[in-house]
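Enquirer: Any chance you could fold what I've pasted below:
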Amino acid sequence: MKIVVIGGGWAGCAAAIAAKKAGAEVHIFEKTDLLLGLGNVGGIMRNNGRYTASEELIALGAGDLINVTDKVSRHRDIDFPGHKHASLYDVNKIEGEVSRYIKDMGINVHTVARVTDISMEGKKITGIYLADGDYVEGDVFIEATGSTGPMGNCLRYGNGCSMCILRCPAFGPRISISERAGVRDIQGERNGDELGAFSGSCKLAKESLSDEIVEQLDETGVVILQIPKEDVNYGKLETKVCQQYALKEFAENIILLDTGHAKLMTTYYPLEKLRKIKGLESAKYVDPYAGSKGNSIRYLSVAPRTDEMKVTGVDNLFCAGEKAGLFVGHTEAICTGTLAGHNAVRYGLGMPALILPRATAIGDMIAYANERSETREGRKARFTFAGSEYFKRMDALGLYTIDKSEIARRIEKLNLSGIFEMKLV
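Expert: Numbering: from 1, shown residues only. Modelled structure (predicted):
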């Protein structure tokens with residue numbers, strides 16, 4: 001059985017690992033020259049309910065990528081406003097570690113391989129066309145293309161191309177596989193009838209910061225600097241995709257996290273204002289390069305799907321990550337990707353799909369996000385284990401815990417321990 005994964009971000013990598021563990025031949029097609037996409041500039045794991053979800057993945061037999069991020073974490077068990085027990089992985093080391101891990105598993109990785117179109121017979125995809133003219137057949141397909149790009153969307157709904165890690169000018173635009181298959185995408189909304197949302201952070205070169213700030217980042221992982229009152233902008237919090245960081249502390253302060261670079265927890269911030277703050281007089285953006293002006297716009301291409309991660313209306317297409325819902329975060333992408341990859345193999349074998357029960361945090365969020373996407377208010381929401389609407393729900397339902405043994409018992413009671421380690425083919 002040949003599983004074709006389109007998009008090599010966190011979701012695509014997780015889907016590929018799950019499908020490979022289940023026994024399939026797996027190919028990842030990634031348009032850029034790096035796997036992990038936004039994972040190359042992210043870095044935050046295990047904060048708030050993401051700790052629970054990470055341990056659920058481990059108990060389910062899908063802890064591969066969680067273990068890799070743990071391995072390259074620069075800081076563990078740190079707190080910053082609104083967030084507890086976070087780990088910060090090194091964004092400059094993570095891609096190499098994940099790439100080696102995936103290739104060592106025998107997964108076929110094709111980079112600089114942009115998919116431009118598909119072929120179909122009835123309601124089934126039969127193959128994909130690449131930008132270089134090649135045609136690749138497959139049995140089951142997983143779309144993990146994300147929801148950012150092409151450049152026109154960042155212009156229409158944002159402040160133009162900000163030259164981010166996705167590098168559309170160099171590697172070409174993302175296309176929607178689900179729409180090519182005749183399925184109309186869902187778009188995330190925000191206030192004022194606008195679509196999409198700004199990515200929620202920027203990266204500063206640590207070398208451009210004062211010695212005192214670098215020393216504190218290296219030692220504690222967190223630096224909080226007060227913004228001059230005349231530059232505080234509460235209104236910009238509403239534009240962020242990462243609503244778990246839309247707290248007043250993130251408007252009143254510059255919050256820096258050590259992910260190898262200094263992760264600046266705000267959307268675009270004018271450089272001349274940033275340099276007014278003590279210790280940031282020579283600050284320089286490294287992602288996006290136009291961090292003074294804008295960030296990428298996300299959530300413009302979400303596929304309608306079932307709770308087994310199958311795209312509605314196409315028999316052999318599954319989806320994961322931001323393509324699968326208004327999800328925020330690496331952990332969330334790994335969760336949806338894992339289920340999509342596993343169920344792709346089940347589908348190919350004619351087996352019943354696995355739907356994770358709502359007694360798990362992962363299963364509940366996948367189902368809850370699906371329900372909420374059917375309403376306009378739901379399309380304005382963002383779903384993450386780390387905060388905002390879903391973390392409150394997770395806590396109220398008693399799903400949030402950092403007790404590893406309790407999480408393992410929860411999975412065991414559901415007879416799901418190690419389910420993603422099971423070879424099916």
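Enquirer: in the chain, what spans have low per-residue confidence?
Expert: For the chain, applying pLDDT under 70 flags the ranges 192, 236-247.
Enquirer: what's the longest helix in it?
Expert: Assignment by DSSP state H gives helix 330-349 as the longest helix of the chain.
Enquirer: which helices and strands sit right next to that helix?
Expert: strand 2-6, helix 10-21, strand 44-45, helix 49-60, helix 64-71, strand 140-143, strand 317-319, helix 361-372 (3 or more C-beta pairs under 8 Å, 6 or more residues apart in numbering; DSSP states H and E). (Glycine included, C-beta is placed from N, CA and C.)
Enquirer: Select, out of these, the one closest to residue 164.
Expert: helix 10-21 (15.9 Å; C-beta to C-beta).
Enquirer: Can you tell me the closest non-neighbouring residue to residue 271?
Expert: Distances taken as C-beta to C-beta, 6 or more residues apart in numbering put residue 292 closest to residue 271, at 4.3 Å, once the chain neighbours are dropped.
Enquirer: so the one you found makes contact with residue 268?
Expert: Yes - if you go by C-beta atoms under 8 Å, residue 292 and residue 268 touch, sitting 6.5 Å apart.
Enquirer: quick one, which of the two is more surrounded?
Expert: Using other C-beta atoms under 10 Å, the more surrounded residue of residue 292 and residue 268 is residue 268, with 23 against 17.
Enquirer: quick one: what helix or strand has that one in it?
Expert: Using DSSP states H and E, residue 268 sits within no helix or strand.
Enquirer: any idea how far residue 259 is from it?
Expert: 18 Å (C-beta to C-beta, to the nearest Å).
Enquirer: Now do the closest residue to residue 186 other than its chain neighbours: how many residues are near it, please.
Expert: Nearest residue to residue 186 in three dimensions, chain neighbours excluded: residue 302, at 4.3 Å (C-beta to C-beta, 6+ apart). When neighbours are counted by other C-beta under 10 Å, residue 302 registers 24.
Enquirer: next one: residue 174
Expert: 23.
Enquirer: so which helix or strand takes in it?
Expert: With DSSP H and E as the test, residue 174 turns up in no helix or strand.
Enquirer: residues touching the nearest residue to it once chain neighbours are set aside, list them.
Expert: Take residue 174 and drop its neighbours on the chain: the residue closest to it by C-beta to C-beta, 6+ apart is residue 149, 4.2 Å away. By C-beta atoms under 8 Å, 6 or more residues apart in numbering, the residues touching residue 149 are 166, 168, 173-174, 296.
Enquirer: Among those, name the buried ones.
Expert: Buried members of these, scored by 16 or more other C-beta atoms under 10 Å, are 166, 168, 173-174, 296.
Enquirer: Serialize those to CSV and add fields for distance to residue 188.
Expert: Formatted as CSV, those follow (distance: C-beta to C-beta, whole Å):
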residue, distance to residue 188
166, 17
168, 19
173, 18
174, 15
296, 13
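Enquirer: Taking these together, which two end up most distant?
Expert: Greatest spatial distance among the buried ones among the contacts of residue 149 (C-beta to C-beta): 173 and 296, at 12.3 Å.
Enquirer: How is the chain partitioned into domains?
Expert: Following the assignment in automatic domain parsing, the chain carries domains at 2-75+89-195+297-421, 198-287.
Enquirer: which ones are touching residue 291?
Expert: 162, 202-203, 264, 268-269, 271, 285.
Enquirer: Would you mind giving me the ChimeraX syntax to select the buried ones in the residues you listed?
Expert: Written as a ChimeraX command, the selection of buried residues from these, which uses 16+ other C-beta under 10 Å, is:
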select :162,202,203,264,268,269,285
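Enquirer: Could you single out the nearest of the contacts of residue 291 to residue 126?
Expert: Using C-beta to C-beta, residue 162 comes nearest to residue 126 of those, at 36.9 Å.
Enquirer: The closest one falls within a helix, correct?
Expert: No - counting by DSSP: H, G, I helix; E, B strand; the rest coil, one finds residue 162 to be coil, located in no helix.
Enquirer: count of neighbours near the nearest residue to residue 397 once chain neighbours are set aside?
Expert: Spatial nearest neighbour of residue 397, excluding adjacent residues (C-beta to C-beta, 6+ apart): residue 364 at 6.9 Å. Counted by other C-beta under 10 Å, the residues lying close to residue 364 total 18.
Enquirer: my guess is residue 364 meets residue 399, correct?
Expert: Yes - the pair residue 364 / residue 399 is scored as a contact, 6.4 Å apart, by C-beta under 8 Å.
Enquirer: any chance you could map the strands in the stretch 201-350 of the chain?
Expert: 202-204, 222-226, 253-258, 262-264, 285-287, 297-298, 317-319 (DSSP state E, counting those that start in this stretch).
Enquirer: These: which one's closest to residue 185?
Expert: Nearest of the strands of the stretch 201-350 of the chain (C-beta to C-beta): strand 317-319, 10.3 Å.
Enquirer: Out of the strands of the stretch 201-350 of the chain, which is the most enclosed?
Expert: Mean neighbours per residue, mean count of other C-beta atoms under 10 Å, is largest over the strands of the stretch 201-350 of the chain for strand 317-319, with a mean of 32.
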